[in-house]
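Asker: pasted the sequence and its predicted model underneath.
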Amino acid sequence: MIPDGVILVVLPDSSAIQKEDSTCSTLRIENVHSVSSANNKPFGIISFPCSLCTRVYKSQNTLSAHMKLHITPKKFQCTVCQKVYPRMYLLKKHMVSHTLERPYACDICNVKYKRNHELTAHKKRHVGTKKYVCNICGHASGSASNLKVHRQRHLQEYRFKCELCGKGFYKNVDYQGHMGGYHRGEKHRCETCGKEFPEKKKLILHRKIHDPERNTKRFPCETCGKSFLFRNKLLKHMRSHRGEANYICDICGKALTSGVSLQTHQRTHTGEKPFVCDVCGKAFSSSKYLNVHERTHTGVKPYTCKECGKCFTQCSSLSIHMRYHTGERPYKCEFCGKAFITKTLLNTHIKNHSAVLDSVT
């Protein structure tokens, strides 16, 4: 039911609006007053908290501008997610999040964005020098503000801290997302494959794997040739080549590159399988394995080859398939130099060498 005084604004039919599932809380209105302002105590810097909600600001001027939003009645409602705004321009800015159009393209690498300011920030990566250097780790940035945020991670100068788990945050939006996803049980569901995330920013990153405009693996590993969609995934992968596996299993001694990987690995020892399929009752040690399994019931194959149209249930299966088109063979035999598409095929091949060596000896 639409509240009195609320004006519905409908996008033109030509706009590509991506409807949200009615059960999805990805873009629903948050009751910002449901979390006590005590949970939002900033520390380490001077701040100005709102007395009516959980927001905290750096200056009195921004706080005063925010207070007007409490006084002004909210009249403009989004027809996709029902979120309401006090100003028409705020609603228009919000509606961009529902469209699939990316009108702002980089003239250097052709990466496309929904908003002009995102393109402007992206183009800075192509030009100029990174003159702002972190005096702690040597990380260089082309922006003073980005370096400031980077240094805060070293110094742990958080503006917001969760009183339930102690985790700190630099931005209020990240703090609010954490409270909703991890402490109030809110989930953000991918409308393409059904995968759920506790934070909206993780859903936004995940959506890129379904976007045909961006679904190209642009970050190759120089050591083994494996490619990744995201740079942070490549950096994590590189740890395995450098031997930076700092998470050690106390049962078998296996070293892993992340705490999440260690936790999943240890379930192979304990037999714990906390992720259960609602359809057939089969249990899994990882939510990732459960998500892939559920597609056998739904028939969803969200990963499509742009060369031949063949569809797959897993991104890794598509990556392997693409090598048949590109001719890429990243796994090379150290004995004879023959290269293979997958590591499994290489291991099978190496066994033939081992059998020959055994027969000779």
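Answerer: Nice, I can see it. Residues are numbered from 1 along each chain as shown.

Asker: how about the helices in the chain?
Answerer: Secondary structure of the chain (DSSP state H): helices at 60-71, 88-95, 116-123, 144-155, 172-178, 200-207, 231-242, 259-270, 287-298, 315-326, 343-360.

Asker: can you give me the angle the longest one makes with helix 315-326?
Answerer: Helix 343-360 and helix 315-326 meet at an angle of 80 degrees, taking axes from the mean of the first three to the mean of the last three C-alpha atoms, to 10 degrees as the criterion.

Asker: could you list the buried residues of helix 343-360?
Answerer: Buried residues in helix 343-360, defined by neighbour count with 16 or more other C-beta atoms under 10 Å: 346, 349, 350. C-beta here means a position set from N, CA and C on the backbone, and glycine is covered the same way.

Asker: please apply the same query to the fourth one.
Answerer: Within helix 144-155, the residues that qualify as buried by neighbour count (16+ other C-beta under 10 Å) are 147, 150, 151.

Asker: looking at the helices of the chain, spot the one closest to residue 184.
Answerer: helix 172-178 (9.9 Å; C-beta to C-beta).

Asker: for the closest one, what is the average pLDDT?
Answerer: Across helix 172-178, pLDDT averages out at 82.

Asker: return the set of buried residues in that helix.
Answerer: By neighbour count with 16+ other C-beta under 10 Å, helix 172-178 contains the buried residues 172, 174, 175, 176, 177, 178.

Asker: then stretch 120-134?
Answerer: 122, 123, 132.

Asker: quick check: mean pLDDT of it?
Answerer: Mean pLDDT, stretch 120-134: 76.

Asker: neighbouring contacts of that stretch?
Answerer: 106, 108-109, 111, 113, 139-144, 146-147, 150-151, 154 (C-beta atoms under 8 Å, 6 or more residues apart in numbering).

Asker: try stretch 141-150
Answerer: So stretch 141-150 is contacted by 124, 125, 128, 129, 130, 131, 132, 133, 134, 139, 170 (C-beta under 8 Å, 6+ apart).

Asker: contacting residues for the closest residue to the fifth one other than its chain neighbours?
Answerer: Going back to what we said before, that points to residue 130. Leaving aside its chain neighbours, residue 130 sits nearest to residue 140 (3.7 Å; criterion: C-beta to C-beta, 6 or more residues apart in numbering). Counting by C-beta under 8 Å, 6+ apart, residue 140 makes contact with 130, 131, 132, 133, 134.

Asker: now do the end-to-end distance for stretch 79-91.
Answerer: 10 Å (C-alpha to C-alpha, to the nearest Å).

Asker: quick one: that stretch to chain centroid distance?
Answerer: On the basis of C-alpha atoms, centre = their mean, to the nearest Å, stretch 79-91 sits 25 Å off its chain's mean C-alpha point.

Asker: and what of stretch 331-348?
Answerer: In terms of C-alpha atoms, centre = their mean, the centre of stretch 331-348 is set 32 Å apart from its chain centre.

Asker: average pLDDT across it?
Answerer: Averaged across stretch 331-348, the pLDDT comes to 90.

Asker: now what about it, what contacts it?
Answerer: Stretch 331-348 is contacted from outside by 224, 320, 323, 324, 328, 329, 330, 349, 350, 353, using C-beta under 8 Å, 6+ apart.

Asker: so what's residue 59 closest to, chain neighbours aside?
Answerer: residue 48 is the one closest to residue 59 (C-beta to C-beta, 6+ apart), at 6.6 Å.

Asker: I'd guessed the one you found sits against residue 57; true?
Answerer: Yes: the pair residue 48 and residue 57 passes the contact test of C-beta atoms under 8 Å, sitting 4.8 Å apart.

Asker: so for the two, which sits in the more crowded spot?
Answerer: Neighbours were counted for residue 48 and for residue 57 using other C-beta atoms under 10 Å; residue 57 has more, 19 against 16.

Asker: which residues touch that one?
Answerer: 47, 48, 49, 50, 63, 66 are the contacts of residue 57 under C-beta under 8 Å, 6+ apart.

Asker: neighbours around the first one, how many?
Answerer: Burial of residue 47 is recorded as 16 neighbouring residues (other C-beta under 10 Å).

Asker: quick revisit: and the furthest pair within the contacts of stretch 331-348?
Answerer: Using C-beta to C-beta, the pair of the contacts of stretch 331-348 lying farthest apart is 324 and 353, separated by 24.6 Å.

Asker: tell me which two in the contacts of residue 140 are the farthest apart.
Answerer: For these, the farthest-apart pair by C-beta to C-beta is 131 and 134; their separation is 12.0 Å.

Asker: can I get the buried residues of helix 144-155 in JSON lines with distance to residue 271 and pLDDT?
Answerer: What follows is the buried residues of helix 144-155, written out as JSON lines (distance: C-beta to C-beta, whole Å; pLDDT from 0 to 100):
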{"residue": "147", "distance to residue 271": "47", "pLDDT": "83"}
{"residue": "150", "distance to residue 271": "41", "pLDDT": "80"}
{"residue": "151", "distance to residue 271": "44", "pLDDT": "81"}
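
Asker: adding distance to residue 316, write the buried residues of stretch 120-134 out as JSON lines.
Answerer: Compiled in JSON lines, those are given as follows (distance: C-beta to C-beta, whole Å):
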{"residue": "122", "distance to residue 316": "27"}
{"residue": "123", "distance to residue 316": "32"}
{"residue": "132", "distance to residue 316": "37"}
